[in-house]
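Chemist: Quick one, structure for this:
(one chain, ligands or ions: 3)
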Amino acid sequence: MSKVYVFDHPLIQHKLTYIRDKRTGTKEFRELVDEVATLMAFEITRDMPLEEIEIDTPVTTAKTKVLSGKKIAIVPILRAGIGMVDGVLKLIPAAKVGHIGLYRDPETLKPVEYYAKLPADVEERDFIIVDPMLATGGSAVEAINSLKTRGAKNIKFMCLIAAPEGVQAIQESHPDVDIYIAALDEKLNDHGYIVPGLGDAGDRLFGTK
Ligand SMILES: O=P(O)(O)OC[C@H]1O[C@H](OP(=O)(O)OP(=O)(O)O)[C@H](O)[C@@H]1O
Ligand SMILES: O=c1cc[nH]c(=O)[nH]1
Ligand SMILES: [Mg+2]
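Modeler: Numbers count the residues shown, from 1 in each chain. Ligands and ions are numbered 1, 2, ... in the order given. All right, here's what the predicted structure looks like:
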């Protein structure tokens with residue numbers, strides 16, 4: 001069963017309040033999403049493997065630790081996931097970036113894939129899928145399917161706000177994928193929007209509404 005981690009650090013909660021606020025404009029919304037993505041990346045990398053090396057400090061020789069060079073790929077679900085990429089790259093600058101293009105059909109709420117491009121060495125990489133919203137879970141489940149079909153084995157899913165329905169959908173379809181969220185909201189409304197949520201993440205990021 002997928003584990004669910006809620007990163008409710010005070011800084012994340014504070015920034016999320018302004019992300020949710022409908023008075024927050026595009027520029028500030030984008031900056032805040034970027035900042036929260038960085039803070040979440042700090043938490044999500046806690047289990048990165050280390051190895052011991054020996055170095056000379058100005059005082060003595062010391063055995064100390066460095067990252068053991070695990071290969072990471074960040075995969076935003078287009079469009080809204082793009083808003084989280086740079087924030088994660090600030091902490092994992094050597095990561096490769098793949099893209100999965102999906103939109104949710106407004107009538108059926110089912111995801112429609114229109115693009116996929118991943119790093120060539122898919123099987124050797126650990127993937128972090130990023131998308132601000134996990135609503136019905138249709139897009140996340142489809143993005144994970146898409147990665148697995150192309151050979152990905154180790155996948156994490158990271159979002160800002162999740163609905164219980166979306167968490168359940170990932171857990172049922174992909175119990176090997178752990179879920180990292182900043183807030184678990186109450187429910188979905190009749191249009192499949194998260195309540196209280198933040199509205200349409202893509203539109204708020206890119207100023208398209
Ligand atoms: O869990 P679900 O019910 O599938 O909904 C979540 C998806 O909906 C939004 O994308 P949207 O379809 O609005 O596309 P956009 O990013 O291009 O705006 C969001 O960024 C997720 O990808
Ligand atoms: O609340 C929601 C649900 C899906 N997609 C969004 O951008 N917001
Ligand atoms: Mg959208």
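
Chemist: Get me the contact residues on this protein for ligand 3.
Modeler: Contacts of the chain with ligand 3, taken as Cβ under 5 Å from the ion, map to 200, 202. In this view, the C-beta of every residue, glycine as well, is placed from N, C-alpha and C.

Chemist: Select the longest strand from the chain.
Modeler: strand 154-162 (DSSP state E).

Chemist: Packing partners of that strand?
Modeler: For strand 154-162, the packing partners by 3 or more Cβ pairs under 8 Å, 6 or more residues apart in numbering; DSSP states H and E come out as helix 10-20, helix 26-44, helix 82-89, strand 126-130, strand 133-134, helix 138-149, strand 178-184.

Chemist: Give the partner strands of the last one in its sheet and their orientations.
Modeler: Strand 178-184 sits in its sheet next to strand 4-6 (parallel), strand 154-162 (parallel), going by DSSP bridges.

Chemist: Give me whichever of those strands is most buried.
Modeler: With neighbours taken as mean count of other Cβ atoms under 10 Å, the strands paired with strand 178-184 reach their highest mean count in strand 154-162, at a mean of 24.

Chemist: Would you mind listing what in the chain touches ligand 2?
Modeler: By Cβ under 6 Å from any ligand atom, the residues of the chain that approach ligand 2 are 80, 133, 135, 192, 193, 194, 197, 200, 201, 202.
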